[in-house]
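J.: build me a model from this:
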Amino acid sequence: MPTLAHRLRRLAVLAMDALADGAAAALPPWGRRILGLEVPVLFLSPGGAGLTAPSIRMPIRLVLHPTDVHAVDVPLPKGRLLGGIVDARGFVEIQAHRFMPLRPDLLAWDVVTLPPAGSPAGPPAGGAGTARVHMVRRSVLSAALAWAAAVGLTPAGITAAAAGPAPEFLRFDPARVRRRFLRLATAAGLFWLSLPIPFAVALWILDRQTAMVEQKLAVVAKDARVVRDMRDRILFLSPDAAGTALLLAQPGRGQVLDELALALPDSVWLKDVALTPEAVTIQGRALDLADVLARVRAAGPFVDPRFTDPPDAVASPPAAPVAGQAGGAPRDFTLTTSLAVGRP
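T.: Numbers count the residues shown, from 1 in each chain. Predicted structure coming up:
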């Protein structure tokens, strides 16, 4: 009768094999080969010897010849735990003398549980399923191990060709369990080490996108400052915007002086010419003020010229001649005129 420690040790090995098989099923073929969860197989000839010695220096799984393996299907009773779970290996150990062709100490055997036939949803009403017991002579198993050691192979397990779940005759072998556990631990360690990689990549992408957004926001902020400065300048200059625009559109001071020099005779003496957005103010001295007004009116860029000092310069007669001067005494005048914007 197996003890509790024996049952727990057996349960731990079975759980480890289940985890390893699940990890191997989830990984791609190249990942299974790298982690050692999937090893090459070598079919043996009858009696446990190989035909030729392969040039493989890695763990290999030996497959016994079908004539060396005997299989028996044993119906399992319905268990009490959770209404259907039964310890198939413990039940086979108890009932081994009923279906084994030799004494149990002369055989190496393994148990695999078959899915219930005809009932995909669960076990049949009369029992908990069927256990298939694969048996091989210990002498054949010893011969296979001896041949593997002679040719320099490291057996990762010994199994048999089966239609359903394959047996493992070295299931509880300490070397196989240790090797299987190390490979499973390696796979788990690589998984936990690679788990932060997607998050690190996502954080790096997020950081790059944040940096790009910050750069774009900096450009937008700079443009906003430029626009704000322009708005402040416009608001500051808006009261004088009309006069400033008119002044920029008027002819320059040099052009105004050239026009006056061409329009007025040499007898006119100019004291000052003031150019403002509203008007051009000309101060000077002349003998005939009416002639000055007529010449300025006839000039190109001047519009609506008039005397502001003296106000009756046009209506008053010309000054009387002065001894030694032709045409009379000169008179001071102040003439105001506008500029025709847009005229050449």
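J.: ok, Pro305 - contacts?
T.: Leu293, Val296, Arg297, Leu335, Thr336, Thr337 (CB atoms under 8 Å, 6 or more residues apart in numbering). Heads up, the C-betas are built off the backbone N, CA and C, glycines and all.
J.: for Ser267, see how far away the last one is.
T.: Distance of Thr337 to Ser267, computed by CB to CB, to the nearest Å: 20 Å.
J.: could the contacts of Pro305 go into CSV alongside pLDDT?
T.: Below are the contacts of Pro305 laid out as CSV (pLDDT from 0 to 100):
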residue, pLDDT
Leu293, 89
Val296, 89
Arg297, 88
Leu335, 91
Thr336, 91
Thr337, 90
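J.: okay, now the nearest residue to Ala49 once chain neighbours are set aside: neighbour count?
T.: Nearest non-adjacent residue to Ala49, counting by CB to CB, 6 or more residues apart in numbering: Trp147, 4.9 Å away. Counted with other CB atoms under 10 Å, the neighbours of Trp147 add up to 19.
J.: in three-state terms, how would Trp147 be classified?
T.: Assigned by DSSP: H, G, I helix; E, B strand; the rest coil, the conformation of Trp147 is helix.
J.: assumed Ile282 was part of a strand.
T.: Yes - membership of Ile282 in a strand is supported by three-state DSSP.
J.: bridged to it, which residues?
T.: Val273, Leu335 (DSSP bridges).
J.: so where do the strands sit in the protein?
T.: 41-43, 59-64, 69-76, 107-114, 129-137, 154-160, 269-275, 280-286, 302-309, 331-339 (DSSP state E).
J.: can you list the buried residues in the last one?
T.: Within strand 331-339, the residues that qualify as buried by neighbour count (16 or more other CB atoms under 10 Å) are Arg331, Phe333, Thr334, Leu335, Thr336, Thr337, Leu339.
J.: per-residue confidence, Asp207, what does it come out as?
T.: Predicted confidence (pLDDT) for Asp207: 93.
J.: ugh, typo on my part, it should be Val140
T.: Val140 carries a pLDDT value of 90.
J.: contact partners for the residue nearest to it when sequence neighbours are not counted?
T.: Excluding the flanking residues, the one nearest Val140 by CB to CB, 6+ apart is Gly48, at 4.4 Å. With contact taken as CB under 8 Å, 6+ apart, Gly48 is in contact with Leu64, Asp68, Val140, Leu141, Ser142, Ala143, Ala144, Trp147.
J.: what's the burial count for the fourth one?
T.: Put plainly, it is Leu141. Neighbour tally, Leu141, other CB under 10 Å: 19.
J.: circling back to that earlier point, the residue nearest to Ala49 contacts Leu42, doesn't it?
T.: No - between Trp147 and Leu42 there is no contact under CB atoms under 8 Å: 10.3 Å.
J.: please pull out the lowest mean pLDDT helix or strand from this structure.
T.: Using mean pLDDT, DSSP states H and E, helix 241-249 stands out as the lowest-scoring helix or strand of the chain, at a mean of 60.
J.: neighbours of Ala299, how many?
T.: 18.
J.: that one contacts Ala261, doesn't it?
T.: No - applying CB under 8 Å, one finds Ala299 not in contact with Ala261, separated by 10.3 Å.
J.: closest one of the buried residues of strand 331-339 to Lys216?
T.: Leu339 (49.0 Å; CB to CB).
J.: any idea of the pLDDT on the closest one?
T.: At Leu339, pLDDT is 81.
J.: distance of it from Val74?
T.: Taking CB to CB, one finds Leu339 at 121 Å from Val74.
J.: distance of Arg285 from Thr334?
T.: Applying CB to CB to Arg285 and Thr334 gives a distance of 11 Å.
J.: remind me, longest helix of the chain?
T.: helix 196-237 (DSSP state H).
J.: quick one: distance of that one to the chain centre.
T.: Chain-centre distance of helix 196-237: 19 Å, with CA atoms, centre = their mean, to the nearest Å.
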